[in-house]
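Chemist: what follows is a predicted protein model with its sequence.
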Amino acid sequence: MSLNLSMLFIISGCALVTFIPRVIPFIVIRNIKLPAIVIKWLSFIPICIFTALIVDSFIIQDESLLSIDWRVLIAIIPTLIIALFTRSLSITVIVGIVSMAAVRFVF
Amino acid sequence: MYGLAKEINREEDLTTFSQGAKDCVPTLIGYISIGIAMGIVGASSNLSILEIALLSALVYAGAAQFIICALLVAGSPISVIIFTTFIVNLRNFLLSMTLAPYFTKYPLMKNIGIGALVTDESFGVTANKIAKKETFNASWMNGLNVTAYIFWNLSCILGAIFGKWISNPEVLGLDFSLTAMFLALLVLQLENIAHSKLKFYLTLIVYVVILMLILCMFLPSYIAILLSTMIVATIGVVKDK
């Protein structure tokens, strides 16, 4: 068990800069009424951010301009099909893990 | 009379809290597997178990914790580590902004408590609830958030302790659980959209994919995520009549 001062400083600094953006909307929005156009904009955020996070999972950032992790992309196919059919978070996650493991085993 | 009402209220709060905890369950595989991986990476980056525990408890952000470890190993200056963490976690601002309007009637401290524990996953589960037009309250949100928080921290510590014996968590495919979850959350979002609008939303998804691929050529992916989300949400507002 060790903890040096500079490490403590890094952790508290990172904690602070993570805490602030998380909490500010919860403090500010209590006091103002958001315009309809902002609410509309926010309604698109879930779909956009989930898509972006999915794409992020199969992009490899290295020296080349753009590399795709084909194994992840292949695993996405059965996972997406199961998601569409079952509409269940748990089942999709389990099938996803199995698919990924299978793809890594084969390729 | 007042005491009785308070008692009933408390019981109701407890039920919704445990419902929130139950709604967290599907996301737990993600938290546990990524958390263990995080603990392993932390340990192999020469962080002590105490440091890993503090990092998870105070920063509480999956992607950022991995990046912090990578930067520590690379010997980056403190200012760079803190600034990068800020940018990586900036998308939480968007998530909180989307959720905050549903909690305005609660006291400030309750709002801060909810905001402090917002993650991609807890946001996803709540966004799903919003899309289905189901009601939820602060107790439900706390049940969801606190369950996730406990499991994340325990998993990170577990990974830190037993990391030496598990050499490569990738082999099992556990790292894919997060992507699988986002896929399911995306499908669940689309399920609740009116049929006439479905094509429009699918176009937006295609835009996000294209933007992500282009932006990732020039920018770190966490900035690309932020930018492509904001740009396409704006396109959504402009094009949606």
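Modeler: Cool, got the structure.

Chemist: hey, let's count contacts and neighbours off CA atoms from now on
Modeler: Will do.

Chemist: so where's the chain shaky on pLDDT?
Modeler: If you meant another chain, say so; for now it's chain A. A:1-2 (pLDDT under 70).

Chemist: you answered for a different chain; I wanted chain B.
Modeler: Within chain B, the stretches with pLDDT under 70 are B:1-8, B:164-171, B:241.

Chemist: what's the domain layout of it?
Modeler: For chain B, automatic domain parsing gives the domain ranges B:2-192, B:194-241.

Chemist: ranking these by burial, who's on top?
Modeler: domain B:2-192 (a mean of 20; mean count of other Cα atoms under 10 Å in any protein chain shown).

Chemist: just how off-centre is that one within its chain?
Modeler: 5 Å (Cα atoms, centre = their mean, to the nearest Å).

Chemist: mind listing residues that contact stretch B:187-206?
Modeler: When contacts are defined by Cα atoms under 8 Å, 6 or more residues apart in numbering or on different chains, stretch B:187-206 is touched by residues A:46-48, A:51, A:83-84, A:87, B:127-128, B:131-132, B:232, B:235-236.

Chemist: can you dump the C-alpha atoms of that stretch in PDB for me?
Modeler: The C-alpha coordinates for stretch B:187-206 follow below in PDB (Å, rounded to 0.1, in the frame of the first residue of the first chain):
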ATOM      1  CA  VAL B 187     -31.700  -0.600 -30.800                       C
ATOM      2  CA  LEU B 188     -33.900   0.100 -27.700                       C
ATOM      3  CA  GLN B 189     -33.800   3.800 -28.500                       C
ATOM      4  CA  LEU B 190     -34.900   3.200 -32.100                       C
ATOM      5  CA  GLU B 191     -37.700   0.900 -30.900                       C
ATOM      6  CA  ASN B 192     -39.400   3.900 -29.300                       C
ATOM      7  CA  ILE B 193     -39.300   6.100 -32.300                       C
ATOM      8  CA  ALA B 194     -42.400   6.700 -34.500                       C
ATOM      9  CA  HIS B 195     -42.400   4.600 -37.700                       C
ATOM     10  CA  SER B 196     -42.500   7.700 -39.900                       C
ATOM     11  CA  LYS B 197     -39.300   9.100 -38.200                       C
ATOM     12  CA  LEU B 198     -37.300   5.900 -38.400                       C
ATOM     13  CA  LYS B 199     -35.700   6.600 -41.700                       C
ATOM     14  CA  PHE B 200     -34.700  10.000 -40.500                       C
ATOM     15  CA  TYR B 201     -33.000   8.600 -37.400                       C
ATOM     16  CA  LEU B 202     -31.200   5.900 -39.500                       C
ATOM     17  CA  THR B 203     -29.800   8.700 -41.700                       C
ATOM     18  CA  LEU B 204     -28.500  10.500 -38.600                       C
ATOM     19  CA  ILE B 205     -26.800   7.200 -37.500                       C
ATOM     20  CA  VAL B 206     -25.100   7.000 -40.900                       C
END
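
Chemist: chain center to it, what's the gap?
Modeler: 22 Å.

Chemist: mind listing what B:Gly30 touches?
Modeler: Contact analysis of B:Gly30 by Cα under 8 Å, 6+ apart lists A:Val93, B:Leu174, B:Asp175, B:Ser177, B:Leu178, B:Met181.

Chemist: turn those residues into TSV, including distance to B:Tyr102 and secondary structure.
Modeler: Below are the contacts of B:Gly30 laid out as TSV (distance: Cα to Cα, whole Å; DSSP: H, G, I helix; E, B strand; the rest coil):
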residue	distance to B:Tyr102	secondary structure
A:Val93	28	helix
B:Leu174	33	helix
B:Asp175	32	helix
B:Ser177	28	helix
B:Leu178	26	helix
B:Met181	24	helix
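
Chemist: contacting residues for residue 45?
Modeler: All of this refers to chain A. A:Ile45 neighbours (Cα under 8 Å, 6+ apart): B:Leu94, B:Leu95, B:Thr98, B:Thr229, B:Met230, B:Ala233.

Chemist: I was after chain B.
Modeler: Per Cα under 8 Å, 6+ apart, neighbours of B:Ser45: B:Cys69, B:Ala70, B:Leu72, B:Val73.
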